[in-house]
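Peer 1: got a predicted structure here, sequence first:
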Number of protein chains: 4
Amino acid sequence: MPHLKFKEIERAYGFDEVALVPGDVTLNPDQANIDFTVKNFILSIPILASAMDAIVDPAFAIKFSRLGGLAVLNLEGIQTRYENPDKVLNQIAQTPEKEVTSLLQKIYSGPIKEKLISQRIGAIKQAGAICAVSITPANTKRLAPIAKDAGMDILVVQSTVTTARHISKSYRGLILPELCQQMSLPIIVGNCCSYNAALELMRTGVDGILVGVGPGSACTTREVIGVGVPQITATLNCAAARETYLKESDKYVAVITDGGIRTGGDLCKAFAAGADAVMIGSPLAQATEAPGRGYHWGMSHSHPALPRGTRVRVGTTASLEQILFGPTSVTNGTQNLIGALRTSMGVCSARTIQEMHKVKMVIAPSIKTEGKYLQAIQNVP
Amino acid sequence: MPHLKFKEIERAYGFDEVALVPGDVTLNPDQANIDFTVKNFILSIPILASAMDAIVDPAFAIKFSRLGGLAVLNLEGIQTRYENPDKVLNQIAQTPEKEVTSLLQKIYSGPIKEKLISQRIGAIKQAGAICAVSITPANTKRLAPIAKDAGMDILVVQSTVTTARHISKSYRGLILPELCQQMSLPIIVGNCCSYNAALELMRTGVDGILVGVGPGSACTTREVIGVGVPQITATLNCAAARETYLKESDKYVAVITDGGIRTGGDLCKAFAAGADAVMIGSPLAQATEAPGRGYHWGMSHSHPALPRGTRVRVGTTASLEQILFGPTSVTNGTQNLIGALRTSMGVCSARTIQEMHKVKMVIAPSIKTEGKYLQAIQNVP
Amino acid sequence: MPHLKFKEIERAYGFDEVALVPGDVTLNPDQANIDFTVKNFILSIPILASAMDAIVDPAFAIKFSRLGGLAVLNLEGIQTRYENPDKVLNQIAQTPEKEVTSLLQKIYSGPIKEKLISQRIGAIKQAGAICAVSITPANTKRLAPIAKDAGMDILVVQSTVTTARHISKSYRGLILPELCQQMSLPIIVGNCCSYNAALELMRTGVDGILVGVGPGSACTTREVIGVGVPQITATLNCAAARETYLKESDKYVAVITDGGIRTGGDLCKAFAAGADAVMIGSPLAQATEAPGRGYHWGMSHSHPALPRGTRVRVGTTASLEQILFGPTSVTNGTQNLIGALRTSMGVCSARTIQEMHKVKMVIAPSIKTEGKYLQAIQNVP
Amino acid sequence: MPHLKFKEIERAYGFDEVALVPGDVTLNPDQANIDFTVKNFILSIPILASAMDAIVDPAFAIKFSRLGGLAVLNLEGIQTRYENPDKVLNQIAQTPEKEVTSLLQKIYSGPIKEKLISQRIGAIKQAGAICAVSITPANTKRLAPIAKDAGMDILVVQSTVTTARHISKSYRGLILPELCQQMSLPIIVGNCCSYNAALELMRTGVDGILVGVGPGSACTTREVIGVGVPQITATLNCAAARETYLKESDKYVAVITDGGIRTGGDLCKAFAAGADAVMIGSPLAQATEAPGRGYHWGMSHSHPALPRGTRVRVGTTASLEQILFGPTSVTNGTQNLIGALRTSMGVCSARTIQEMHKVKMVIAPSIKTEGKYLQAIQNVP
């Protein structure tokens, strides 16, 4: 009676389970080049701000662009549904935990106003900032042209899981190759987490892909529908697809790790796993400039029938500039993210992000270290 | 001095240790066909309600059948031992934690009344519902004919561990091939968790097997007798047996994962591991219609000499319809289970449950994610 | 620059990390034969009571022998150092946590009185019980003849780690082959945990070996000196040595797993890993008859310069008979240990302990299950 | 579509994840030779005290040298920046948790005074003690000659990560082969953690290397920059490099494990992983003689822009002599470290540190044991 195997399952790894190994040579942090290029745009820091209403509003986008990064405005959120977003954001911050999901469901069922799309994008462009916006695949055909007319520089087509093909009875899915041709501006699409899905997306002609399904701190996708791939493995998969696609097409598509990054340590690990840039939410939600008033919630949290997410209280801890560039007296890795990246690259012998891709990693669960720390504390007589 | 190995031990996995990988194509949830067939019965949702007194009474069975599922009535529980089950159920709900095991031992030592068997089954059939009942192997020869006369549609023969052969000094074990012939109605047998045991059960002629030993939230089998196999591995084993048996006999026996499913995420993973249907307890114990009054306990909890289990307080959270079909404002995966299954199938490119069997899974312990969430919370100044 | 490996390290497993797989046939528990034989003694239950002062005094030994097991009296403990042990035991139970190690160091530095050795053994023999005693290797040459004269039936030579050869500047080590010849009664030696060490001990002519270094609940050997092998792996190693030795000599040496067993589940797993019997401490320390007054401490806890251990509060929960044979209303696996063993053997198709050695095990960390239980609890609204 | 792998990642292990296996023979602890040799110095205990201001001041260094070990004075810390270090140390101990990082940043920005370097070294030499000091690579060219003139015996060149080559725009890195020639006294360099980096350092002519990046109890390097290798793996890597270098050059370079050692158990494991000596911080910070007044902090904690570390409250528990040699009534492994090492070597059949390198280890996560202990406690009725 030979035992037939029904299915092979491989181990996947998240940020907390790996660590970087120092290199054989060390560099001064000032030697590290951390530029990030997506089509014709070159950003001086490889960080995107998440398309979440708790993170990005026009004022935040302008500030973040000045600091060298790329903030993505959610075109289907509070900013484009409400004339006065501050009132709505205050209401979210003041609602008790157990009522907040219903409130979000109600808020996000309000209509998207085309006039507001133009206004918000206009405000960003007027300030001289680069303007990136996100739209879900289902609304892209309708809203992307409006956004382009208003001055959008970069289009992010984003949903929990986006693939090159979507099959539906009720409507014809978004055709990405057509979109790329029509728009003629940089397009980033996501999220995805496997080699095949990433490769198929790259073959549609997009310029960047977002990597990450189910890892964010405000996300409960895995509890609700069982789906999710830890970020180190997801990034390794998609980086492998990038290399394959580079060989077959000679085009370098940016891999952007999105979700689950809480500290400088996580951020450095994403690059070592193959990311060209990272998209972050909760670290920026702690900024004075963040519209979330110390709270953070995800895009699937407001789904009318199957909400996925939690509102996380992150607090307001420092200015955006200090979170990105320090200096800081905070030692838990949540401030001076760019200083951390440069220091890590120096320690790991990486002059560029692409050299960072070659840094050695080990599997080393961090729960042990925490235990140690606790014990040290408890040894006090 | 060569080191002889005494025994090989392989790794087994539970729900919390795996996650599903999105597919290369996405489907709209409305594309998913989730029918479940067992012999001549086709159910519109692939969910069985556990044969536990905290979950199924005749009223619950009728409602659950109307919603498309299959509730299994425990023929050796409170419903068939007591004329007035409500009184007994109230007593259980009102007894303090540390006295409840003794109380259950006393309650479940009362005699099973044949008259009540007919009454309970009659009530279900009269309402036009499909009637499934469970009997332990030791009582099957005596009680199954009574149940059949009363109108039972589907027979579930269930104990903690049921095998094709049982050896005893004191009585002749149940002969499953004989039973299958005599009853001429669908027979589901369990529980089992290994390839060989499942295959032997299938060869007796049964129509479905229940998979799961020791995984339920109200179960302490593993603490008490050391026995238990985590559900993903158990389901993979039994699904492999189903494929082997299909090749040798051309008969497709349903594999039903029973126990340990708390959320939509767990439920989706069971199907991806090879289940044709799932049997669930604690998620349904939270329904307004559940007779357990917000409590949940297992079938081995009342063993007179070696009780195994705990009474778990699950609370009453929503109507049965909302738990199954939503909509919901709860984000922890305990409501809108069918919506979750359809969404998961859409994300994973599965048009049918059998395509769901082919979805890729990764090993990805969820304890890390929880740690992350906690840290995010603790970062609040 | 090829990377030379300095050392290979293999994974070892403890009780909490494995579980038993049900068999393809089930047996009624009454079919299980659980006899344990060591040389000319046949015990009706395969359990030894640990040679610890919190567990075994003469009265306990007599009771335990009547119930079918074998209690081992520590010949270098309170019983042989003090005329009135009850006074000393009361003092230990009443001393605050942070002073108890110093107290134990003081108590165990009192002289061993040869007269008391004879008295204690005499009391046990007079009651018609089998008398087993433990002596450390360093004291065996001096104390064993006294014990034998007093009527000892079985000699246990025990220290944290005992090997076939001990090298010292200051004294000539115990020569086990000589001891076996001189004593001409069953000799059990321990503790050990590796294949080679077990095999060398067996070759000295002993009748049983104790398996377990560092696993007990009252033991901190691993924290203090880094040494310890989890019990499933230790038992598998020593059982493999038993099979090798059986082939080379045709003598079957008993393998007795000692330490770390808290529940019926742990006990069943020890047998499945290859144990012929188990030696248990903390489950028996909870008996009304235990001299520890609800406390439990280990033999290395009183070392004058490098104490290893903690005094654990276990409470007094039931009579010895109930802990061994039930019935019980406790569901955490700490009562009705023999009922649990028989049930486990029935579920796993094992008619004898030697068939239990062949039962399949899987690696399945139990921490997940606990997490689940906690979550179920926390779902309460 | 073959799946290209982007990167291989291997598992790395820390102290808490391994345990030592007893040997086939046991030795009396008095048989163990624990001498440690670095160039022309032979120390009677293989322990270095960390170059941290909470551990080593001149008085501590003198005492530690008398007891047989080697204390390393931080030449860039409080002792060489302040005339009156006690005042500064008091201030650190009295500052609340959330203000202490800023305070450290301020304190460590004060100027290093060459006069104080000579004074501190002079005080140690005058007492007849061996004097070892640590300097960062960037300051070595300037400060090492001053220290040598003042009487330094052993030079430790130390930073978080030190490699044989450092690349910078702003200054020419330290050339280790030149330094070794100029100084003509024993040089120890660190920290490193991989085979290649260790081998390259050895080839520069140094006499010892410090092993450990990110493992200390007062260190948050991993959270902040993602870098860190658990100590067992780091030590195994560097010990392998030592063997390679020994073959190619016939020179034996000392491998010193630095960081993360909290207990005697950890210390014994470091030797079994290949260490010739260990450098410890937190266990010594608990000594009455330690200048930290019951607190402990790391060298990267005071970085002006990217501080990494926490101030840990360790308490003051015993004299230095008792921590090293006992006797003790503490059972958590923090006292009588040398007694623990000798006992461990006896149990593991190791007569010398080099025989300890050959002791067998197993992977055995200790979190299980802790869980067990907790459960035993919770069983109390």
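Peer 2: Ah, there it is.

Peer 1: tell me which element A:Ser349 falls in.
Peer 2: A:Ser349 belongs to no helix or strand when elements are defined using DSSP states H and E.

Peer 1: please disregard the earlier target; I meant A:Val157.
Peer 2: Judged by DSSP H and E, A:Val157 forms part of strand A:154-158.

Peer 1: name the helices or strands packed onto that strand?
Peer 2: If contacts are counted by 3 or more CB pairs under 8 Å, 6 or more residues apart in numbering or on different chains; DSSP states H and E, strand A:154-158 sits against strand A:70-74, strand A:132-135, helix A:137-150, helix A:176-183, strand A:187-192. Where C-beta positions appear, they are placed from N, C-alpha and C, glycine not excepted.

Peer 1: how about these in TSV, adding mean neighbour count and mean pLDDT?
Peer 2: Below are the helices and strands packed on strand A:154-158 laid out as TSV (neighbours: other CB atoms under 10 Å in any protein chain shown; pLDDT from 0 to 100):
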stretch	mean neighbour count	mean pLDDT
strand A:70-74	27	98
strand A:132-135	27	98
helix A:137-150	18	96
helix A:176-183	16	94
strand A:187-192	28	96
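
Peer 1: quick one: the helix ranked longest in chain A near chain B?
Peer 2: If each helix of chain A is counted by residues according to DSSP state H, the longest one is helix A:231-249. Yes. Contact of helix A:231-249 with chain B (CB under 8 Å from any CB of the partner chain) involves A:Thr233.

Peer 1: show me what counts as buried in that helix.
Peer 2: Neighbour counts over helix A:231-249 (16 or more other CB atoms under 10 Å in any protein chain shown) mark A:231-242, A:244-245 as buried.

Peer 1: strand partners (parallel or antiparallel) of the strand holding A:Val157?
Peer 2: strand A:132-135 (parallel), strand A:187-192 (parallel) (DSSP bridges).

Peer 1: neighbouring contacts of the last one?
Peer 2: Pointing back at strand A:187-192 there. Outside strand A:187-192, the residues within contact range by CB atoms under 8 Å, 6 or more residues apart in numbering or on different chains are A:38, A:132, A:154-163, A:176, A:179-180, A:198, A:201, A:204-213, A:238, A:254, A:256, A:258-259, B:22.

Peer 1: which among the residues you listed count as buried?
Peer 2: Buried among the contacts of strand A:187-192 (16+ other CB under 10 Å): A:38, A:132, A:154-163, A:176, A:179-180, A:198, A:201, A:204-213, A:238, A:254, A:256, A:258-259, B:22.

Peer 1: helices along the stretch 251-381 of chain A, start to end?
Peer 2: A:264-272, A:282-285, A:320-325, A:337-347, A:353-356, A:367-378 (DSSP state H, counting those that start in this stretch).

Peer 1: figure out which of those is closest to chain C.
Peer 2: For the helices of the stretch 251-381 of chain A, the distance to chain C is smallest for helix A:367-378, at 9.5 Å, taking CB to the nearest CB.

Peer 1: would you mind listing where chain A has pLDDT under the threshold?
Peer 2: Applying pLDDT under 70 to chain A flags the ranges A:1-4, A:216-218, A:367-381.

Peer 1: let's see 80
Peer 2: A:1-4, A:168-173, A:215-219, A:366-381 (pLDDT under 80).

Peer 1: ok, which residues in the stretch 201-350 of chain A are in contact with chain D?
Peer 2: For the stretch 201-350 of chain A, the residues in contact with chain D (CB under 8 Å from any CB) are A:236-237, A:239-240, A:243-244, A:263-269, A:272-274, A:326-333, A:336, A:339-341, A:343-344, A:347-349.

Peer 1: buried among these? Need that as a selection in ChimeraX.
Peer 2: The buried residues among those can be selected in ChimeraX (16+ other CB under 10 Å) with this line:
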select /A:236,237,239,240,244,263,264,265,266,267,268,269,272,273,274,326,328,329,330,331,332,333,336,339,340,341,343,344,347,348,349
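
Peer 1: the residue of the stretch 101-250 of chain A found nearest chain C is in what secondary structure piece?
Peer 2: Scanning the stretch 101-250 of chain A for the residue nearest chain C gives A:Glu223, at 9.5 Å (criterion: CB to the nearest CB). Assigned by DSSP H and E, A:Glu223 falls within helix A:221-225.

Peer 1: contacting residues around A:Ser118?
Peer 2: By CB under 8 Å, 6+ apart, the contact set of A:Ser118 is A:146, A:149-150.

Peer 1: where's it relative to A:Cys131, distance?
Peer 2: 12 Å (CB to CB, to the nearest Å).

Peer 1: what's the answer for A:Pro186, then?
Peer 2: 12 Å.

Peer 1: are there residues contacting both of those two? Which ones?
Peer 2: Common neighbours of A:Pro186 and A:Cys131, using CB under 8 Å, 6+ apart, are A:153-154.

Peer 1: for those two, indicate the residue with more neighbours.
Peer 2: A:Cys131 (26 against 19; other CB atoms under 10 Å in any protein chain shown).

Peer 1: and the gap between that one and chain B?
Peer 2: Counting by CB to the nearest CB, to the nearest Å, the gap from A:Cys131 to chain B is 28 Å.

Peer 1: setting aside sequence neighbours, what's the nearest residue to that residue?
Peer 2: Closest residue to A:Cys131 apart from its sequence neighbours, by CB to CB, 6 or more residues apart in numbering or on different chains: A:Ile124 at 4.3 Å.

Peer 1: with A:Ala147 instead?
Peer 2: A:Val133 (5.3 Å).

Peer 1: one more: A:Ala59?
Peer 2: That would be A:Glu289: by CB to CB, 6+ apart, it lies 6.9 Å from A:Ala59.

Peer 1: so that neighbour makes contact with A:Gln322?
Peer 2: No. Proximity of A:Glu289 to A:Gln322 does not meet the contact threshold set by CB atoms under 8 Å, at 10.8 Å.

Peer 1: how near is the closest residue to A:Gly326 other than its chain neighbours to A:Ile323?
Peer 2: Spatial nearest neighbour of A:Gly326, excluding adjacent residues (CB to CB, 6+ apart): A:Asn336 at 2.9 Å. Applying CB to CB, the value for A:Asn336 to A:Ile323 is 8 Å.

Peer 1: then A:Ala241?
Peer 2: 31 Å.

Peer 1: can you pull the residues of the stretch 1-150 of chain A lying near chain D?
Peer 2: A:13, A:18-28, A:30-31.

Peer 1: again, only this time at 7 Å
Peer 2: Proximity of the stretch 1-150 of chain A to chain D (CB under 7 Å from any CB of the partner chain) is limited to residues A:18-22, A:24-28, A:30-31.

Peer 1: just to check, A:Glu10 is in contact with B:Met361?
Peer 2: No. Using CB atoms under 7 Å, A:Glu10 makes no contact with B:Met361, being 8.7 Å away.

Peer 1: the more surrounded of the two?
Peer 2: B:Met361 (23 against 11).

Peer 1: was I right about the more buried one contacting B:Leu20?
Peer 2: Yes. Between B:Met361 and B:Leu20 there is a contact under CB under 7 Å: 5.8 Å.

Peer 1: so what sits against both of those two?
Peer 2: Here B:Met361 and B:Leu20 have B:Ala272 as joint contacts, going by CB atoms under 7 Å, 6 or more residues apart in numbering or on different chains.

Peer 1: quick one: name the residues of the stretch 201-350 of chain A near chain B.
Peer 2: Checking the stretch 201-350 of chain A against chain B by CB under 7 Å from any CB, the hits are A:213, A:217, A:220, A:222-230, A:233, A:262, A:282, A:301, A:304-310, A:312-315, A:317, A:334.

Peer 1: just the buried ones from these?
Peer 2: Buried residues within those, counting neighbours by 16+ other CB under 10 Å: A:213, A:217, A:220, A:222-230, A:233, A:262, A:282, A:301, A:305-310, A:312-314, A:317, A:334.
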